[in-house]
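J.: sequence and predicted structure are below.
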Amino acid sequence: MVNPPDEYLVKEALTGQYWNLAFNDSHLQAKTATDPTPEKTSNLWLSPLLGDPQINGGLGFSFGQPGTDIGPLARLADNLLHRGMGWILPTFITDKLDHLANALHQMEVFCQKKPFLRAFCPGYHLEGPWISPEDGFRGAHPKACVISPVWQDFERLQRAANGNIRLVTLAPESPGALSMIRRLVANGVMVSIGHTRASGTLIREAAEAGATLSTHLGNGISPIIPRHENPFWGQLAEGRLTPSIIPDGHHLPVDFIQTVIAAKGLSQVIVTADSSPLAGLPFGTYTLWDTKVEVTQEGRVGIPGSGLLAGSGCFTDECLRWLVHNVPLTLREAIPLCGPQTAKALAISPIGANFQQSFALIDGKSPIPFEVVGVVFDGKIIRRDWLRQ
């Protein structure tokens, strides 16, 4: 005897559309649009899963230093999925080319062992080593490893990644950068401007060459810059660039985020948590990238005594809540910035972004924005904490 499906009435967070969800055991059987009746509405809301183009690691795991044990990566991916995240671009920051190639190869080994990891990590983000070597603009990236872009170096790294580098962040003022942008774009790789001191004309030339994004705009920059000829104005004014921002309460003030949104419009801004490998760990001092890094009680991740941040101490769902509480944005405004618009900007269609088969269920009554009570990934129930509606 076949058991009848479990059915739930849910309300879509972005549009207000109601849906009937039918599950058999642990799988989605049907998702059907419907109209509510006066006596039957729902406090269970439906949301797209979140996605992030720049995750350096978390829970003590670093993509740049992945080791050979798949366990820490699997635990991180499972943690992110249960938070309502459907995909990420593992990010590899400036390092020696040998180290980058080895780390990318090891990630491919992991993804081949566990198909879910391939689906959850549909590509990689290479942030450096082709960035500004100057203090401030370089951020926490190691100066000794910053180099000028050479196509053969990229080819080597792309071979190690089995062709899965999808996004490259570079500084357009680096010798050979504009030529590199053109070749990357011609080979299907998205290019983002970041860790740069370029301004004005050079920003426009980079966009003309094919760059379409700005990496964590407002960060990776010197605290002392010329008031007019600086990287901010050129990137804000260039309509071909979609900026990512880090709304974690430490990287950017509210008025800067409001300014970016006002200049670009909500539809051309995306969010990254820029999660450090230390994200999700207790406060204390750790060794990261051969450097002492401190996680404060407030969740700030930085190099003690330098004023430099070393990524974020939170994940993308926490950035979403910060936006709602502090900018403020409505949940309907904030959710697209934290995944749906990002996939579009990157021209990718990961499994976790397929809203018909992958979504989060959130508590519409909760005072906590985006409080996840259920997760469905590729038609399979991953988390099921909700009560029957």
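T.: That came through, no problem. Owing to the predicted nature of the structure, the values given are computational and were not obtained by experimental measurement.
J.: residue 343: how many residues sit nearby?
T.: A count of neighbours around residue 343, defined by other C-beta atoms under 10 Å, yields 21. To be clear about C-beta, it is placed using only N, CA and C from the backbone, and glycine gets the same treatment.
J.: pLDDT at it, what is it?
T.: Looking at residue 343, its pLDDT reads 98.
J.: give the helix, strand or coil label for it.
T.: Put simply, residue 343 is helix when judged by DSSP: H, G, I helix; E, B strand; the rest coil.
J.: nearest residue to it other than its sequence neighbours?
T.: Closest residue to residue 343 apart from its sequence neighbours, by C-beta to C-beta, 6 or more residues apart in numbering: residue 353 at 4.5 Å.
J.: run a quick neighbour tally on that neighbour.
T.: Residue 353: 20 neighbours (other C-beta under 10 Å).
J.: let me see the contact set for residue 384.
T.: Residues near residue 384 by C-beta atoms under 8 Å, 6 or more residues apart in numbering: residue 374.
J.: the residue lying closest to residue 325 once chain neighbours are set aside: neighbour count?
T.: Of all residues not flanking residue 325 in the chain, residue 369 sits nearest, at 7.2 Å (C-beta to C-beta, 6+ apart). Number of residues near residue 369 (other C-beta under 10 Å) recorded here: 19.
J.: who touches residue 369 in this structure?
T.: Counted by C-beta under 8 Å, 6+ apart, residue 369 has contacts 320, 321, 324, 325, 331, 334.
J.: surely residue 351 is in contact with residue 358?
T.: Yes - using C-beta atoms under 8 Å, residue 351 is in contact with residue 358, at 6.3 Å.
J.: which one's more surrounded, those two?
T.: Applying other C-beta under 10 Å to residue 351 and residue 358 shows that residue 358 carries more neighbours, namely 24 against 18.
J.: the more buried one contacts residue 49, correct?
T.: Yes - the pair residue 358 and residue 49 qualifies as a contact (C-beta under 8 Å) at a distance of 5.3 Å.
J.: got any residues that touch both of the two?
T.: With contacts defined as C-beta under 8 Å, 6+ apart, the residues adjacent to both residue 358 and residue 49 are 86, 352, 377.
J.: per-residue pLDDT, the residue nearest to residue 325?
T.: Listed pLDDT for residue 369 reads 96.
J.: ok, now how distant is it from residue 332?
T.: 11 Å (C-beta to C-beta, to the nearest Å).
J.: what's the answer for residue 84, then?
T.: As for residue 84, its distance to residue 332 is 16 Å (criterion: C-beta to C-beta).
J.: between the two, who's got more neighbours?
T.: Counted by other C-beta under 10 Å, residue 84 and residue 332 do not tie: residue 84 has more neighbours, with 30 against 13.
J.: find the residue at the geometric middle of this structure.
T.: Nearest to the mean C-alpha position of the chain, counting by C-alpha atoms, centre = their mean, stands residue 52 at 1.9 Å.
J.: which SS class is that residue?
T.: Three-state assignment for residue 52 (three-state DSSP): strand.
J.: and what of residue 235?
T.: helix.
J.: once you drop chain neighbours, what's closest to it?
T.: Closest to residue 235 by C-beta to C-beta, 6+ apart is residue 214, at 4.7 Å.
J.: ok so, going back, of the contacts of residue 369, grab the buried ones for PyMOL.
T.: The PyMOL command for the buried members of those (criterion: 16 or more other C-beta atoms under 10 Å) is given here:
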select buried, resi 320+321+324+331+334
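J.: how's this protein carved up into domains?
T.: Domains of the chain are assigned by automatic domain parsing as 6-47+355-384, 50-282+310-350.
J.: now the strands for the stretch 101-250 of the chain?
T.: Using DSSP state E, counting those that start in this stretch, the strands assigned to the stretch 101-250 of the chain run over residues 124-127, 165-170, 190-193, 213-214, 242-245.
J.: just send these back as a markdown table, with mean pLDDT too.
T.: Output for these, formatted as a markdown table (pLDDT from 0 to 100):
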| stretch | mean pLDDT |
| --- | --- |
| strand 124-127 | 98 |
| strand 165-170 | 98 |
| strand 190-193 | 98 |
| strand 213-214 | 98 |
| strand 242-245 | 98 |
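J.: residue 99: which of these is closest?
T.: strand 124-127 (12.5 Å; C-beta to C-beta).
J.: partners of the closest one in the sheet?
T.: Applying DSSP bridges, strand 124-127 is found paired with strand 85-93 (parallel), strand 165-170 (parallel).
J.: hey, C-alpha coordinates of it in CSV?
T.: Extracted in CSV, the C-alpha atoms of strand 124-127 (Å, rounded to 0.1, in the frame of the first residue of the first chain):
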residue,chain,number,x,y,z
TYR,A,124,35.7,28.3,-8.3
HIS,A,125,36.6,32.0,-7.7
LEU,A,126,40.2,32.9,-8.1
GLU,A,127,40.8,36.1,-6.1
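J.: from the chain's centre, how far out does that strand sit?
T.: Here the centre of strand 124-127 is set off from its chain's centre by 11 Å, with C-alpha atoms, centre = their mean, to the nearest Å.
J.: and the contacts of that strand?
T.: Outside strand 124-127, the residues touching it (C-beta under 8 Å, 6+ apart) are 53-54, 63, 89-94, 100, 104, 107, 141, 157, 161, 164-169, 194-195, 215.
J.: got the buried residues for it?
T.: When burial is assessed from 16+ other C-beta under 10 Å, strand 124-127 yields the following buried residues: 124, 125, 126, 127.
J.: what sits closest to residue 194 if chain neighbours are left out?
T.: Residue 194's closest residue in space is residue 215 (C-beta to C-beta, 6+ apart), at 2.9 Å.
J.: I'd say that neighbour and residue 244 touch.
T.: Yes - using C-beta under 8 Å, residue 215 is in contact with residue 244, at 6.0 Å.
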